[in-house]
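Colleague: Kindly generate the corresponding structure for this input.
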Amino acid sequence: MTKNQVLKTYFGHDTFRPGQESVIDALLSGRDVMAVMPTGAGKSACYQIPALMLEGVTLVISPLISLMKDQVNSLTQSGVPAAYVNSSLTPAQYDRVCYNMANGAYKLVYVAPERLDVPSFVDICRGLTIPLIAVDEAHCVSQWGQDFRPGYLHISRFIQELPHRPPVGAFTATATDHVRSDIVRLLELEDPFCLTTGFDRPNLWFGIKRARPKEKPVALAAFLHEREGESGIIYCSTRAGVEEVCASLCEAGFDATAYHAGMSDTDRKQNQEDFLYDRKTVMVATNAFGMGIDKSNVSFVVHYNMPKSMEAYYQEAGRAGRDGTAADCLMLFTQGDVSTARFMIENSEPNPDLSEEEQAAVRSRDLERLYRMADYANTPHCLRAYILNYFGEDLPAHYQSEDGSCGCGNCSNCTGGLATADITVEAQMVLSCIARTGQRLGQALIGQILRGAKTERLLELGLDKQTTYGLMKKYSTPYIKQIIKALVGQGYLRVTNGDYPILVLTERSGEILYKRIPVTMRYPADMEVESKSAKKERQLQERPDTRAKKGSAATRTAAGSADPDLYKALSDLRFELARAQNVPAFYIFSNATLEDMCAKLPRNHDEFLDVSGVGEAKLQKYGDAFLGCIAYYLDQKENQ
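Modeller: Presented below is the predicted three-dimensional model:
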């Protein structure tokens, strides 16, 4: 079969997604590949299709047991013979898989990187025809990657031990330039075909909601109520947070379950299956669940706490909308999340595979990534633009509006989430405070002086005697920080490097201090501008409006623009078929495939094959059932 025939027969698609065909061609020609493609862009098909066209057994090196299981089960549903080799297999199961491998029963075998160090497994591989090796989540090979896995460093040695070196494909969704270079070097890729299709996920809405810790449960519940019955993931930074949030949601009536490394293997497995099989619609988890989920119908991801890096955030948020349908990614942010994440970085267990110097370098890089993550949470500008810029990509031109402004129109900052303020007077206060204290203090102390705080450190240094002390006591801490950030961004202030960053004036500072030029800034509309004391004083004079504003998440039905009655009938049928086979519903068909059925209304097998996501194997398994459902629906509609 040709690559197009394989695509249609096994995966049910008529056309390739951007970048897929060129990667497939490179691998089929025997060339190594380094591919960076966002989650949901179809990375797996880039090596699965060549595997089905080449003679022998393709090895796929993958980091997580659960991810392997999902991939293998999905392939099996599509009629592809595949298996996995990892620590979850019993000795008898392992022997059976190895026997089948040796006898050509599989086209793809997924394997954990640590298995490549087992001599018996290496001996089996040396006796096989291996036409291709795919390294999934390839960023794990780099100590600068967010999920460094020492076992990945041994991949190149394993390849060298094979009688014939096959082409090697390295795939990842999130990698900076530094990490990409590491992947090529450490996997010893030879003149690789390099592809970066772009990091944009246009179907995802990104949002930041600032909330104090005690406000987060209410904000989360409101968000979930708007998406009742939809499948989603909530990420928490700690195990205790997972337990607390999950218990709170269950008490409020949500079908939630939990996942973290402190649970028993049995409980983790049961809870994960409950989520995969849609017995539970909400999964509350730590990042231990990050790469272990391949569920296509996740319609939202909430970060209850800020992650430690943009790489981790984008990978976890990318679990939403894998089938291309609209999905929401919300972060509930409080400034304390930064301190918590910094504590976790500074007190993390040392990696025994790294020297002290390397440990220090990794910790420094982790802190740098944390501060970039905090900048994302605080930026008043387009969130999508920030993400793409972080990964070295500009916001695509089609996001630019007619008035020349640049924004995606599908994030909280671009959909009414910003306000504009004239901060000329406030900027003069900030710059004056920095100048009068000798340009020797950091943002925290400058903010405390301006707010008139009475912290022990401030009083000890006698900073309460400054003439600028308390000048901005009517403003909240986040608002003052936003002003300082705006002044830095516009070149009126500079932050020094080092362990204790200091705010210093620039040549442009005089334009505000002496020429009094006007200065404006944009800031999140939901940010508290007033301090608590100023707010109380105002409330004594006027009755406050206590009505909560609705979030600006993109609203949609689970079926998008499809007929909701037909979509529900198809969804119910999918659930019954999945339950009968004891497999997750999305293994049968994705939400996007059900939507395409609603749009095309197929009447026979040929028309059913035209539905996106329907291949020969699934036509034979499920075609008559879904065609019958559609025919019954149309008959009922005609007779109304």
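Colleague: Just the C-alpha atoms of the helix-or-strand element of the chain with minimal mean pLDDT, please, in PDB.
Modeller: Using mean pLDDT, DSSP states H and E, helix 532-539 stands out as the lowest-scoring helix or strand of the chain, at a mean of 72. Output of helix 532-539 as PDB, limited to C-alpha atoms (Å, rounded to 0.1, in the frame of the first residue of the first chain):
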ATOM      1  CA  LYS A 532      -8.000  46.100  51.000                       C
ATOM      2  CA  SER A 533      -8.000  49.200  53.200                       C
ATOM      3  CA  ALA A 534      -8.900  51.500  50.300                       C
ATOM      4  CA  LYS A 535     -11.700  49.100  49.300                       C
ATOM      5  CA  LYS A 536     -13.200  49.000  52.800                       C
ATOM      6  CA  GLU A 537     -13.100  52.800  53.000                       C
ATOM      7  CA  ARG A 538     -14.900  53.000  49.600                       C
ATOM      8  CA  GLN A 539     -17.400  50.500  50.600                       C
END
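Colleague: Contacts for that helix next, please.
Modeller: Helix 532-539 has contacts (CB atoms under 8 Å, 6 or more residues apart in numbering) with 473-476, 528, 530. Just so you know, the C-beta spots here come from the backbone N, C-alpha and C atoms, and that holds for glycine as well.
Colleague: Try it again at 6 Å.
Modeller: residue 474 (CB atoms under 6 Å, 6 or more residues apart in numbering).
Colleague: what does stretch 362-373 give?
Modeller: 143-144, 308-310, 341, 345.
Colleague: ok, back up a step: starting from the least confident helix or strand of the chain, tell me the next helix or strand along the chain.
Modeller: The helix or strand immediately downstream of helix 532-539 is helix 564-581, counting by DSSP states H and E.
Colleague: Which secondary structure elements does the next helix or strand after that next one sit against?
Modeller: The first helix or strand that comes after helix 564-581 along the chain, using DSSP H and E, is helix 585-588. Packing partners of helix 585-588 (3 or more CB pairs under 6 Å, 6 or more residues apart in numbering; DSSP states H and E): helix 564-581.
Colleague: any idea how far the helix it packs on is from the chain center?
Modeller: 28 Å (CA atoms, centre = their mean, to the nearest Å).
Colleague: average model confidence for that helix?
Modeller: Per-residue pLDDT over helix 564-581 has a mean of 88.
Colleague: cool, and stretch 150-167?
Modeller: The model assigns stretch 150-167 a mean pLDDT of 92.
Colleague: Repeat that for stretch 27-41.
Modeller: Here the average pLDDT along stretch 27-41 is 88.
Colleague: mind checking how far that stretch is from the chain centre?
Modeller: Worked out by CA atoms, centre = their mean, stretch 27-41 lies 20 Å from the chain centre.
Colleague: ditto for stretch 240-250
Modeller: 21 Å.
Colleague: How about stretch 447-460?
Modeller: On CA atoms, centre = their mean, the centre of stretch 447-460 falls 38 Å from the chain's centre.
Colleague: Show me what it is in contact with.
Modeller: 433, 463, 466, 469-473, 480.
Colleague: where does this structure have low pLDDT?
Modeller: Flagging of the chain using pLDDT under 70 yields the residue ranges 40, 144-146, 288, 290-294, 353, 400-406, 416-418, 497-499, 538-562, 640.
Colleague: Where does the record place the domain boundaries for the protein?
Modeller: What the record gives for the chain is the domain set 3-196, 204-417, 419-539, 564-638, from automatic domain parsing.
Colleague: okay, those domains in JSON lines with mean neighbour count next?
Modeller: Formatted as JSON lines, those follow (neighbours: other CB atoms under 10 Å):
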{"stretch": "domain 3-196", "mean neighbour count": "19"}
{"stretch": "domain 204-417", "mean neighbour count": "18"}
{"stretch": "domain 419-539", "mean neighbour count": "16"}
{"stretch": "domain 564-638", "mean neighbour count": "17"}
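Colleague: Show the secondary-structure elements that the helix or strand hosting residue 631 is packed against.
Modeller: According to DSSP H and E, residue 631 maps onto helix 616-638. Contact analysis of helix 616-638 by 3+ CB pairs under 6 Å, 6+ apart lists helix 564-581, helix 605-609 as its packing neighbours.
Colleague: If we use 10 Å, what do you get?
Modeller: Using 3 or more CB pairs under 10 Å, 6 or more residues apart in numbering; DSSP states H and E, the elements in contact with helix 616-638 are helix 3-11, helix 65-77, helix 564-581, helix 585-588, helix 591-600, helix 605-609.
Colleague: Run through the neighbouring helices and strands of the third one.
Modeller: In terms of contact count using 3+ CB pairs under 10 Å, 6+ apart, helix 564-581 is assigned the packing partners helix 585-588, helix 591-600, helix 616-638.
Colleague: Tabulate those helices in JSON lines, adding columns for distance to residue 275.
Modeller: Formatted as JSON lines, these follow (distance: least, CB to CB, whole Å):
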{"stretch": "helix 585-588", "distance to residue 275": "11"}
{"stretch": "helix 591-600", "distance to residue 275": "16"}
{"stretch": "helix 616-638", "distance to residue 275": "23"}
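Colleague: What ranges does the stretch 151-300 of the chain have for its helices?
Modeller: 155-160, 177-186, 216-225, 239-251, 265-276 (DSSP state H, counting those that start in this stretch).
Colleague: Check the stretch 351-500 of the chain too.
Modeller: Using DSSP H, counting those that start in this stretch, helices in the stretch 351-500 of the chain cover 356-378, 383-390, 424-436, 443-451, 456-460, 477-489.
Colleague: which residues touch residue 494?
Modeller: Counting by CB atoms under 10 Å, 6 or more residues apart in numbering, residue 494 makes contact with 439, 487-488, 501-509.
Colleague: mind running it again at 6 Å?
Modeller: Applying CB under 6 Å, 6+ apart, the residues contacting residue 494 are 504, 506.
Colleague: Would you quantify the distance from it to residue 501?
Modeller: 10 Å (CB to CB, to the nearest Å).
Colleague: How about residue 522?
Modeller: Taken as CB to CB, the span from residue 522 to residue 501 is 23 Å.
Colleague: again, but for residue 358
Modeller: 24 Å.
Colleague: same deal with residue 425?
Modeller: For residue 425, the distance to residue 501 - CB to CB - is 25 Å.
Colleague: Of the helices of the stretch 351-500 of the chain, which is nearest residue 608?
Modeller: helix 383-390 (36.2 Å; CB to CB).
Colleague: hey, C-alpha coordinates of that closest one in CSV?
Modeller: Extracted in CSV, the C-alpha atoms of helix 383-390 (Å, rounded to 0.1, in the frame of the first residue of the first chain):
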residue,chain,number,x,y,z
LEU,A,383,-1.3,34.8,25.9
ARG,A,384,-1.0,32.8,22.6
ALA,A,385,1.6,35.3,21.4
TYR,A,386,3.6,34.9,24.6
ILE,A,387,3.6,31.1,24.3
LEU,A,388,4.7,31.1,20.7
ASN,A,389,7.3,33.7,21.3
TYR,A,390,8.7,31.6,24.1
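Colleague: tell me the angle of it relative to helix 356-378?
Modeller: Following axes from the mean of the first three to the mean of the last three CA atoms, to 10 degrees, one obtains 160 degrees for the angle between helix 383-390 and helix 356-378.
Colleague: which outside residues touch helix 383-390?
Modeller: Applying CB under 6 Å, 6+ apart, the external contacts of helix 383-390 come out as 199, 206, 310, 376, 379, 395, 408, 411, 413.
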